[in-house]
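how would this look folded up:
(chains A, B, C, D, E, F, G, H, I and J)
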There are 10 protein chains.
Amino acid sequence: MNRNDVTEKIIATKVSQGLTWEGVAKKVGQSKEWTTALCLGQMTATSEQAKVLGEVFGLTEDEQKWLKVVPYKGSLPTSVPTDPLIYRWYEIVNVYGTTIKELIHEEFGDGIMSAIDFSMDITREPDPKGDRVSVVLSGKFLPYKTY
Amino acid sequence: MNRNDVTEKIIATKVSQGLTWEGVAKKVGQSKEWTTALCLGQMTATSEQAKVLGEVFGLTEDEQKWLKVVPYKGSLPTSVPTDPLIYRWYEIVNVYGTTIKELIHEEFGDGIMSAIDFSMDITREPDPKGDRVSVVLSGKFLPYKTY
Amino acid sequence: MNRNDVTEKIIATKVSQGLTWEGVAKKVGQSKEWTTALCLGQMTATSEQAKVLGEVFGLTEDEQKWLKVVPYKGSLPTSVPTDPLIYRWYEIVNVYGTTIKELIHEEFGDGIMSAIDFSMDITREPDPKGDRVSVVLSGKFLPYKTY
Amino acid sequence: MNRNDVTEKIIATKVSQGLTWEGVAKKVGQSKEWTTALCLGQMTATSEQAKVLGEVFGLTEDEQKWLKVVPYKGSLPTSVPTDPLIYRWYEIVNVYGTTIKELIHEEFGDGIMSAIDFSMDITREPDPKGDRVSVVLSGKFLPYKTY
Amino acid sequence: MNRNDVTEKIIATKVSQGLTWEGVAKKVGQSKEWTTALCLGQMTATSEQAKVLGEVFGLTEDEQKWLKVVPYKGSLPTSVPTDPLIYRWYEIVNVYGTTIKELIHEEFGDGIMSAIDFSMDITREPDPKGDRVSVVLSGKFLPYKTY
Amino acid sequence: MNRNDVTEKIIATKVSQGLTWEGVAKKVGQSKEWTTALCLGQMTATSEQAKVLGEVFGLTEDEQKWLKVVPYKGSLPTSVPTDPLIYRWYEIVNVYGTTIKELIHEEFGDGIMSAIDFSMDITREPDPKGDRVSVVLSGKFLPYKTY
Amino acid sequence: MNRNDVTEKIIATKVSQGLTWEGVAKKVGQSKEWTTALCLGQMTATSEQAKVLGEVFGLTEDEQKWLKVVPYKGSLPTSVPTDPLIYRWYEIVNVYGTTIKELIHEEFGDGIMSAIDFSMDITREPDPKGDRVSVVLSGKFLPYKTY
Amino acid sequence: MNRNDVTEKIIATKVSQGLTWEGVAKKVGQSKEWTTALCLGQMTATSEQAKVLGEVFGLTEDEQKWLKVVPYKGSLPTSVPTDPLIYRWYEIVNVYGTTIKELIHEEFGDGIMSAIDFSMDITREPDPKGDRVSVVLSGKFLPYKTY
Amino acid sequence: MNRNDVTEKIIATKVSQGLTWEGVAKKVGQSKEWTTALCLGQMTATSEQAKVLGEVFGLTEDEQKWLKVVPYKGSLPTSVPTDPLIYRWYEIVNVYGTTIKELIHEEFGDGIMSAIDFSMDITREPDPKGDRVSVVLSGKFLPYKTY
Amino acid sequence: MNRNDVTEKIIATKVSQGLTWEGVAKKVGQSKEWTTALCLGQMTATSEQAKVLGEVFGLTEDEQKWLKVVPYKGSLPTSVPTDPLIYRWYEIVNVYGTTIKELIHEEFGDGIMSAIDFSMDITREPDPKGDRVSVVLSGKFLPYKTY
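Residues are numbered from 1 along each chain as shown, chains lettered A, B, ... in the order given. Prediction:
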């Protein structure tokens, strides 16, 4: 057994029982973004979170233990994603990557926007010309250290 | 001469004269995000925008014309970016890609978040534990058509 | 169980029972192009469509549920396809890609032809020198947004 | 000097003089699709066509000769295109590739749709919900030979 | 079950029973080159051919049906083959590729040698300095269409 | 200066003066296949051959010397060729590679068909249904040594 | 002019004048590790540091300005390095990567060792069996945020 | 059975029983770094070490024998690691690789830092601004031999 | 069943019974280098050799037959090997490849050193400064044919 | 100027003046293998060696200094070499790689054959059936350290 087996069981159970990530997240007590990432094998659960997920998805003790092990992260099968929705995000990095770099450096100097001390919020933005997906990314700025 | 030559001239002039993208954007009359992408060879200028940039960066008539030609987009030298700041964005796509996909589909159904009818806003978010980079992405949801 | 298992079962059943995609499409009530893409794991079914396919291919309740889950799209095993028929399409993109780009931009300006608000129609075009495959692609033009 | 130098000169001249591919095609006497592919270094000109292009773009005798040499074809810098417009075509091949294969085989049996005995027609399709790009591809079906 | 399962069964049976491809081809009534390609999952059988192979290799009805389905072609596990015999062919394409291109164009003009309307004949050429492998490839020339 | 510079000069001169490879080969006194490969930077000339080519293409003494240096072989810019004519050869290796391997081993046992002690002959094969390209490849069989 | 040009000039001057990185670092007033990374185009200089380097390497005003621009980082030409010294580091990541991951997580929980708030110290460790290279890496631990 | 099966059993047992690498290492009598690498399939055990691990993880005789076989090393699934913690190490090699090379050569001359006669020590470095990961790498310097 | 299954069985049996390749080679009556390559699925056995290996490793009749089938060669999982011992050989090819090429051509002219009519001998070379691995490679020189 | 420029000048001078590597090596006073690798940009010269090469190839003072700088090693343009002579060496690594690994480990235990404390000797081995290339590789065995 490994973390991937647990992820697959979670996904299969979700499809079979018609659960929603938002509903699961409420039970876990965290945002839907972080909770989904946890269930998809990218984050690490506390004992309480593992227990909650164990009840929601019918996981054994050992399966719950795997949720508490830090996983080997990376959720995509290829370095350039083939799925159109995910590819659009890759396209944004590809087309706007140097723009993002220039503007963060112009504002903050040399350093990065953290992907660890980081949060994400995905919401629907109603729009008469067609609703929009609004995503807010917030990451701590980490300046390069000199020494 | 090609668009790349114009981009390189713009960047070299910016460094040499100490301009800021925000300042350039104000003269162009668009957001700093879109304007920077334009200057870095990813967007297409109108005649007026090209003229403004021509004055700011000392571009010839032909160089201004190239700004009005739709460019071959893609601003990164490798499919997996090596620059740490840009890589963090790629990492977000890699780690959170399936999460983003799940949540957008849960809210909207099958389709994508447009990277064309799209805007981006990068700002500093003051924080006592260290300022944060806040990025708002807004893209129209496009549902898959059945036929 | 996952979507791929359902796709493989559909294909195996089709071979075993000698069904045609056109026949399946008629029962589903959509075009043969969209229906085939659905059966091959690229599109998402409504409950009614899933039920029809369930009857046609002898799918269980859970298998039908998987048809209603938005799949991770991408139907090819390698980034450059090895199958000669599919490669010819890749070759068209490779040889004519810049031509297509130039002509769409000449007619419409900067933007893309949507692959989401998109339809395809494949027909036989009788020709005394040898019948031809005629394919009509129709995608909404999406102009780049400035902001 | 090589074909690529001639292509770059043609493109630079087109930008500088504000020509359109459609206008060039009319002088050449072929479709705008084939003519653009020729100018972008993918097709081979006859002596008359080379002469016409020589006049339009101010090419020397040697440059005209290069237009008559069969080029090493392939117009994209990477095997997976980064430009969003061209990528959408690659996405169509990736998502619909197996669908296209199934339907052509269902209608014609084993073989391919030629990318050589092939034509393409790109037009604007007016639509109240937003104009569409309509592309008609026509390729001779070539059945596999048994022996 | 899929075509690959059938191919593996055919190969395993051939090893176990000590059959030769030449012997199989005689029963099928086609050349040993085409028949081997068929058995290795690259070509499509008629009902009669599938029946003959069914008897030779002890295939079930369903396995025979798979032989009649057009396969996803491509018989090598990597884009650059590692097997020395097959690599030598790749090396010929790599070293002589531009030579082949020049000479076919010199004789025929722009176009290709078909790999579909194509046959191959592999024979032993006795030679006192060591026997040689003689391979005759014959492909229809297909000129590029102008339109 | 390096061999590539000499190759480019040879090609440019051939285009400019309208020479044919067959004509060049007659002066060199070798087959058109080998001579073309030599001119394209894949083979090594004797002093006499270099002198002949020097006269045909107007090469300096140093350029002639480069023709006598064994080149770093490999004539294609990518591991999977993009040019349609050369790709068809790669496709033959991809689709028929395992077939070729099986049949040579069936006839000769373990070993390879040499790509060094090798010759190639490309001719036009008249055919009422459209002329064919006929290629004869002849390579010495080299058995694996046991020790 | 770009940052790469400045890097190349710095390296060429260093070779020509026989400077050492340690000597340069003393003038800059930072560690030899950080200073070398700066000179090799990976870090960003302050105005004073740029001025010092300007004197050491004879840089123009514009060249000094480039040292103050945040560079596109990444100092290796291939994703798997070919140079044996650098490869050994890649090998350490490849062989010990999962070990490093396990032990940092065992001590700190889920998170990463920062490569930004990071320092490195390379020294000679005398050893009778052959001197050793001793490298101390120190990076702040950054725990994953939950939200 | 192969080494990979043994590695997976060790990891699963460790999760199930809540062991720590440090605890395992104490029983083995080696450092936690080397012991973890051994358990993750990168190093080779002596008979005594295999026996100890056999007791700790409940391994059969044959499984213990596999621990004594030199493994095919390499612990990562992709050449560029996707896991953020391991990627940071790859990033260090990518950004600082040329710096490391310059400084080792400046101190030692041409040669490498061994990854074989090599040790690693990972510790927590308390720091009021946030604890740090401190890693000491020590590798014998191996000078290139001339001959 | 296929050759790979036989190879895995041979390796597992060797580990379980503590055999040595040298001992196996003596029974087969060939060198340890060739015999090991045979057992690892790279060479082809005669009937007698297959029978001997069948007794040594307890192979069934069918498994013995697979040893007599020419295998698809290539023993490494990635094109750049990750195992440090094997990588060093790849490094030799990478660093010394052009040197080897120059010196063989200087001595022999254009051609190659055969990897088919080839033998290898690996021995221990005692040395007071640490024993050395001595490897003698011997390959027939094959000159390029002109025609 | 960089090392590559010096390498290219050395090669061009060698072709132009008809020198041999063996003759150059005698003047340098090292083996022809090491000397060729030095001239091809893979090794580092002492001051005396640089002076000798300076005279042989007419190098300037600065060019001689570059010979004394440790180069970024790796002499091949692609990770899988296209040149047939060099490819054969890569093929040996690919086909015999696991064999070499098994036999060195059987004789020496876990560790590697050094590619740094390493020498190579290439000679002609006369043989009535065709002369052979004999290559002796000698590398110190380096055992993995435990700690």
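
which of the residues in stretch A:11-21 are buried?
Within stretch A:11-21, the residues scored as buried using 16 or more other C-beta atoms under 10 Å in any protein chain shown are A:11-12, A:14-15, A:19, A:21. Just so you know, the C-beta spots here come from the backbone N, C-alpha and C atoms, and that holds for glycine as well.

mind checking the SS state of A:Lys26?
Three-state assignment for A:Lys26 (DSSP: H, G, I helix; E, B strand; the rest coil): helix.

near it, how many residues? Count them for me, please.
12 (other C-beta atoms under 10 Å in any protein chain shown).

also A:Lys129?
7.

wait, it touches B:Lys140, no?
Yes - applying C-beta atoms under 8 Å, one finds A:Lys129 in contact with B:Lys140, separated by 7.5 Å.

can you give the domain ranges for chain A?
For chain A, the structural domains run A:3-67, A:84-143, going by automatic domain parsing.

which strand or helix spans A:Met120?
Taking DSSP states H and E as the criterion, A:Met120 maps to strand A:111-125.

please find the angle between the direction vectors of that strand and strand B:111-125.
130 degrees (axes from the mean of the first three to the mean of the last three C-alpha atoms, to 10 degrees).

quick one: strand A:111-125 near chain B?
Yes - judged by C-beta under 8 Å from any C-beta of the partner chain, strand A:111-125 comes into contact with chain B through A:111-115, A:118, A:120, A:122, A:124-125.

what about the residue nearest the centre of chain A, which helix or strand?
For chain A, the residue nearest the mean C-alpha position is A:Ala37 (3.8 Å; C-alpha atoms, centre = their mean). Here A:Ala37, judged by DSSP H and E, is contained in helix A:32-39.

just say helix, strand or coil for the residue in chain A positioned nearest to chain F.
Using C-beta to the nearest C-beta, the single residue of chain A nearest to chain F is A:Val80, 16.0 Å away. When classified by three-state DSSP, A:Val80 comes out as coil.

tell me the contacts of it?
Counting by C-beta atoms under 8 Å, 6 or more residues apart in numbering or on different chains, A:Val80 touches A:87, A:90, B:79, C:79, D:80.

before we move on, the earlier item: what lines up beside the strand holding A:Met120 in the sheet?
strand A:132-143 (antiparallel) (DSSP bridges).

hang on, the residue nearest to the centre of chain A packs against B:Val95?
Yes - at 7.2 Å, A:Ala37 and B:Val95 qualify as touching, with contact defined as C-beta under 8 Å.

from chain J, how far out is the nearest residue to A:Ser119 once chain neighbours are set aside?
Closest residue to A:Ser119 apart from its sequence neighbours, by C-beta to C-beta, 6 or more residues apart in numbering or on different chains: G:Tyr147 at 4.2 Å. Here G:Tyr147 is placed at a distance of 41 Å from chain J (C-beta to the nearest C-beta, to the nearest Å).

cool, A:Val80 as well?
19 Å.

need the phi and psi values for the residue in chain A that chain I sits nearest to.
Going by C-beta to the nearest C-beta, chain I is nearest to A:Ser79 of chain A, at 14.6 Å. In terms of degrees, to the nearest 10, the main-chain angles of A:Ser79 are phi -70, psi -30.

quick one on the thing from earlier: the strand holding A:Met120 vs helix A:32-39, what angle?
Going by the same axes, to 10 degrees, strand A:111-125 makes 110 degrees with helix A:32-39.

could you dump strand A:111-125 to CSV, C-alpha only?
Only the C-alpha atoms of strand A:111-125 are listed here, as CSV (Å, rounded to 0.1, in the frame of the first residue of the first chain):
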residue,chain,number,x,y,z
GLY,A,111,13.6,37.0,-4.4
ILE,A,112,10.5,34.8,-5.0
MET,A,113,6.9,34.5,-4.2
SER,A,114,6.7,31.5,-1.9
ALA,A,115,4.8,28.4,-3.1
ILE,A,116,5.0,27.0,0.5
ASP,A,117,3.8,29.9,2.6
PHE,A,118,1.1,30.2,0.1
SER,A,119,-2.7,30.1,-0.2
MET,A,120,-5.2,30.0,-3.0
ASP,A,121,-8.8,31.0,-3.3
ILE,A,122,-11.0,30.0,-6.2
THR,A,123,-14.4,31.6,-6.6
ARG,A,124,-17.1,32.3,-9.2
GLU,A,125,-17.2,35.9,-10.3
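
now do that strand, average pLDDT.
Average pLDDT, strand A:111-125: 97.

okay, buried residues for it please.
Result for strand A:111-125 [16+ other C-beta under 10 Å]: buried residues A:111-120, A:122.

please apply the same query to stretch A:59-79.
Here stretch A:59-79 shows A:59, A:63-67, A:69-76, A:79 as buried, counting by 16+ other C-beta under 10 Å.

let's see which of those end up in helices.
A:63-67 (DSSP state H).

for chain H, what's its nearest residue on chain A.
A:Gly74 (2.8 Å).

for that residue, which non-adjacent residue is spatially closest?
According to C-beta to C-beta, 6+ apart, the nearest residue to A:Gly74 is H:Thr82 (2.8 Å).

picking that back up, give me every residue that touches the residue of chain A closest to chain H.
B:94-95, H:82-83.

export these to TSV and tack on pLDDT?
Formatted as TSV, the contacts of A:Gly74 follow (pLDDT from 0 to 100):
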residue	pLDDT
B:Asn94	96
B:Val95	96
H:Thr82	96
H:Asp83	97
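
list just the nearest of the ones in helices among the buried residues of stretch A:59-79 to I:Leu53.
A:Trp66 (41.8 Å; C-beta to C-beta).

pLDDT wise, what is that closest one at?
So, for A:Trp66, pLDDT stands at 98.

I'd say it and A:Thr7 touch.
No - using C-beta under 8 Å, A:Trp66 is not in contact with A:Thr7, being 9.1 Å away.

now tabulate the contacts of A:Gly74 in JSON lines and tack on distance to A:Ser31, secondary structure and neighbour count.
Converted to JSON lines, the contacts of A:Gly74 look like this (distance: C-beta to C-beta, whole Å; DSSP: H, G, I helix; E, B strand; the rest coil; neighbours: other C-beta atoms under 10 Å in any protein chain shown):
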{"residue": "B:Asn94", "distance to A:Ser31": "20", "secondary structure": "helix", "neighbour count": "26"}
{"residue": "B:Val95", "distance to A:Ser31": "15", "secondary structure": "helix", "neighbour count": "23"}
{"residue": "H:Thr82", "distance to A:Ser31": "23", "secondary structure": "coil", "neighbour count": "21"}
{"residue": "H:Asp83", "distance to A:Ser31": "22", "secondary structure": "coil", "neighbour count": "25"}
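
just the closest of those residues to chain E, please.
For those, the nearest to chain E is H:Thr82 (21.6 Å; C-beta to the nearest C-beta).

related to what we said a few turns ago, of the residues of strand A:111-125 next to chain B, which pair is most distant in space?
Of all pairs in those, the most separated under C-beta to C-beta is A:Gly111 and A:Arg124 at 32.6 Å.

surely A:Thr36 meets A:Ala25?
Yes - between A:Thr36 and A:Ala25 there is a contact under C-beta under 8 Å: 7.2 Å.
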